[in-house]
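quick one: sequence plus predicted model below, questions after.
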Amino acid sequence: MGEPPALEIRRRGDDQGEVSTAPDDQALIDRLRDALATGGISVHYQRIVELPTLRTVKLEALARWDDALHGSIAPDVFVPLAERNGLISTLDLYVARRACDDLGRWRSSGWPDLAVAVNCSPITLSDPSIVRSLLDTIDAAGLPPSAVWVEVTESALVGPAAQATIASLANSGIRVSLDDFGTGYSTLANLRQLAVHALKIDRSFVSCSDQDPAAVAMIRSIVGLGHELGHAVVAEGVETEMEEQVLRRLGVTLLQGFRYSVPAPFDAALGHRRPASTIVPRAVPAAVPLDEEPRLTALAACNIMDSEQERSFDTLVQIAAEACGTPMALISFVDRSRQWLKAAVGLPLGQTDRASTFCAHTVLAGRTLMVENAMEDERFNRNPYVLGEPGVRFYAGTPLVTRSGHAVGTLCVLDRRPRHLDETQLMFLAALADQVVALLELRTLTARLERADDARQIAEETVGFHAAHDRLTGLATRRELYLSLADRIATQPTGVITVDLTGFREINDGYGQDTGDQLLVHVARSIRTAIRREDLVARVDGDQFAIAVGIDAGGRPSLRTLAQRVRAAVRQPRNINGNIIIPDASIGFASPEPDDTAERIMRRAEEALDVDRRRRRSPQHADVHPAPGAPRGH
């Protein structure tokens with residue numbers, strides 16, 4: 001590289017999704033002027049990393065305006081407003097001063113190689129006095145000019161005044177970076193004549209680099225041109241592992257995007273951390289779950305701790321690592337004071353102190369936990385397994401929940417670099433966790449069979465278990481639901497919610513039974529995530545589900561609210577066999593009444609379901625669209 005890493009300044013808000021509807025009136029102009037005068041504009045920073053180590057070498061700064069009257073106002077509103085009303089130079093210098101001051105604080109506290117880049121609009125660059133103003137700002141912060149970059153868009157190259165200012169900036173020792181390269185007005189002649197030090201590949205090329213050969217060709221050309229001219233090349237908008245792999249193959253070494261970090265204020269931009277040499281490892285232990293004692297009882301009933309290695313568990317943990325593309329995966333169980341590994345890939349088997357484990361946090365949460373970059377998470381950025389071996393950066397774990405509803409351990413995947421799992425990978429991880437729990441139950445039944453005097457009784461229990469559960473979705477059967485309803489009604493008020501998928505037969509006929517089966521599995525899992533553990537969900541017909549819900553006075557949401565939550569969960573898009581399927585459903589529910597029986601309350605819930613079908617009159621099909629780059633599945 002040779003040059004100090006830079007911290008780049010931008011004002012655009014397309015990374016953040018702020019409100020873009022603030023009114024363009026004199027009142028808003030006055031509020032912007034007051035915000036600039038009183039420090040009401042804040043600056044957030046997003047990291048840029050260098051391959052192959054993923055070391056942070058730059059930080060991009062973005063102006064943010066949270067107005068007391070209008071709320072969060074996007075830069076694509078207030079930057080044009082400043083340009084139209086003579087405030088843009090004030091805004092540019094305001095951000096420059098904040099960024100240079102922050103850089104001085106970073107340099108004095110352990111990051112001596114960081115630099116700052118100030119983004120200037122074409123209007124600001126048309127005024128040659130900006131060069132002296134920037135140099136004064138740099139000097140006031142105690143920085144050398146070589147520590148400062150100015151990032152300009154291609155539109156800034158139009159006009160001799162701006163080009164002369166860019167030349168003056170370069171002559172003063174300030175670096176210049178050309179943003180959104182390939183999308184504006186630049187020519188090869190301009191690029192040859194201008195004192196530009198870096199090219200930034202626009203996100204419109206990066207976002208389709210894993211699918212569009214033309215985008216790959218453009219990136220390859222920009223990289224070759226930049227390297228031939230001696231310029232650094234940065235790719236922005238990187239969000240997926242596939243995009244990173246393509247850019248790596250094309251020779252791009254500086255990457256930026258949500259894959260590595262989201263914009264954050266000064267005190268969080270570098271993960272709340274000092275250089276590694278000054279960090280003292282210290283784990284932040286998870287709190288003890290409220291159900292700790294019954295949870296430990298459920299763990300003891302599994303009879304799994306300190307057991308011998310078993311091939312069936314080893315196979316599942318290998319599948320998890322391969323499916324998620326991670327070098328490490330493990331099946332762990334957490335008892336009162338330790339985490340014990342039953343199976344592992346990329347890590348030695350053994351045990352660790354519970355206080356320092358990621359998995360204890362997953363057990364506490366009782367749901368999937370994903371940590372995309374441990375160095376940016378206050379719970380883990382001083383963990384000994386993050387700062388030392390194995391150098392964990394990414395973690396995703398799903399709890400192993402027994403039939404009694406207690407999380408006894410986790411199935412998790414880990415990596416030494418930041419990353420992200422998509423919805424499909426997370427659901428696959430959860431499905432594998434269900435298989436681990438099924439193995440635990442099978443081990444328990446097998447152990448009882450070996451100990452029992454009457455093997456026939458154990459066999460009958462096994463058959464009964466399978467008879468009570470739908471083989472495809474793992475949900476309770478209609479018979480099990482009615483039996484459970486009878487027991488529940490006898491002990492507490494119980495309501496029922498019924499769910500009927502819209503157009504499921506069309507999916508089955510048009511896209512094949514395998515697609516239909518996968519859709520049912522996805523929907524079943526979505527329903528389970530929308531309800532409490534103690535609520536029972538059953539598959540009562542081919543595409544119809546029912547949920548038994550306990551009603552209490554403890555602030556539980558109403559049946560109507562819960563039914564709406566279930567419908568929203570069902571309507572989540574799924575990528576199944578190359579098709580994006582957005583299912584819909586009719587919903588009915590019945591509240592408890594005196595002298596209820598399972599048959600009566602189910603009849604009322606199904607009658608309500610029929611009413612909803614007629615009331616909604618929605619088309620009897622789900623939305624199905626081919627996934628990008630995928631053929632129509634069948």
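Great, that's in hand. Computed from a prediction, not measured in an experiment: that's the story for all the values here. Residues are numbered from 1 along each chain as shown.

residues near Gln492, how many?
Per other CB atoms under 10 Å, the neighbour tally for Gln492 reads 11. C-betas here are computed from N, CA, C, even on glycine.

would you mind measuring from it to Ala162?
74 Å (CB to CB, to the nearest Å).

cool, Val413 as well?
Counting by CB to CB, the gap between Val413 and Ala162 amounts to 50 Å.

neighbour-wise, which of those two wins?
More neighbours surround Val413 than the other of Val413 and Ala162, with 29 against 23 (other CB under 10 Å).

how about that one, what does it touch?
Contacts for Val413 (CB atoms under 8 Å, 6 or more residues apart in numbering) come out as Ala320, Ala321, Cys324, Thr326, Met328, Ala329, Phe394, Tyr395, Ala396, Gly397, Leu421, Leu429.

for this structure, which spans come out with low pLDDT?
For the chain, the stretches with pLDDT under 70 are 1-25, 154-159, 182-194, 209-210, 271-283, 449-468, 552-557, 617-634.

quick check: longest strand in it by residues?
Ranked by residue count and defined by DSSP state E, the top strand of the chain is strand 55-67.

that one pairs with which strands, and in what direction?
strand 7-10 (parallel), strand 41-50 (antiparallel), strand 71-73 (antiparallel) (DSSP bridges).

where's Asp541 relative to Arg478, distance?
From Asp541 to Arg478 the distance is 7 Å (CB to CB).

looking at the two, which one has more neighbours?
Arg478 (15 against 11).

residues in contact with the more buried one?
Applying CB under 8 Å, 6+ apart, the residues near Arg478 are Ala538, Arg539, Val540, Asp541, Ala546.

look up the closest residue to Thr398, ignoring the ones flanking it.
Ala433 (4.2 Å; CB to CB, 6 or more residues apart in numbering).

the domain parsing of this structure - what is it?
7-201+254-270, 278-449, 468-626 (automatic domain parsing).

could you dump these to JSON lines with distance to His231?
What follows is these, written out as JSON lines (distance: least, CB to CB, whole Å):
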{"stretch": "domain 7-201+254-270", "distance to His231": "5"}
{"stretch": "domain 278-449", "distance to His231": "26"}
{"stretch": "domain 468-626", "distance to His231": "39"}
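
so which of these is nearest Pro213?
domain 7-201+254-270 (15.9 Å; CB to CB).

show me what contacts the residue nearest to the spatial centre of the chain?
When CA atoms, centre = their mean is applied to the chain, the residue found nearest the centroid is His420 (6.1 Å). Going by CB under 8 Å, 6+ apart, His420 touches Glu239, Thr240, Glu241, Phe258, Arg259, Met370, Glu372.

other SSEs contacting the helix or strand encompassing Leu432?
For Leu432, the host element (DSSP states H and E) is helix 423-451. Contacts defined by 3 or more CB pairs under 8 Å, 6 or more residues apart in numbering; DSSP states H and E place helix 423-451 against helix 292-302, helix 311-324, strand 394-401, strand 407-415, helix 455-467, helix 513-530, strand 574-576.

what angle sits between it and strand 407-415?
Angle between the axes of helix 423-451 and strand 407-415 is 140 degrees (criterion: axes from the mean of the first three to the mean of the last three CA atoms, to 10 degrees).

which parts of helix 423-451 are buried?
The neighbour-count check on helix 423-451 (16 or more other CB atoms under 10 Å) flags 425-433, 435-437, 439-440, 443, 445 as buried.

next, the angle from it to strand 394-401.
Relative orientation of helix 423-451 and strand 394-401, computed by the same axes, to 10 degrees: 40 degrees.

now do the strands in the stretch 451-600 of the chain.
Assigned strands in the stretch 451-600 of the chain, in chain order: 494-501, 536-541, 544-550, 574-576, 579-582, 585-590 (criterion: DSSP state E, counting those that start in this stretch).

and Pro294, which of these is closest to it?
Closest among the strands of the stretch 451-600 of the chain, using CB to CB: strand 544-550, at 17.7 Å.

what pairs with the closest one, parallel or antiparallel?
Strand 544-550 is paired, per DSSP bridges, with strand 494-501 (antiparallel), strand 536-541 (antiparallel).
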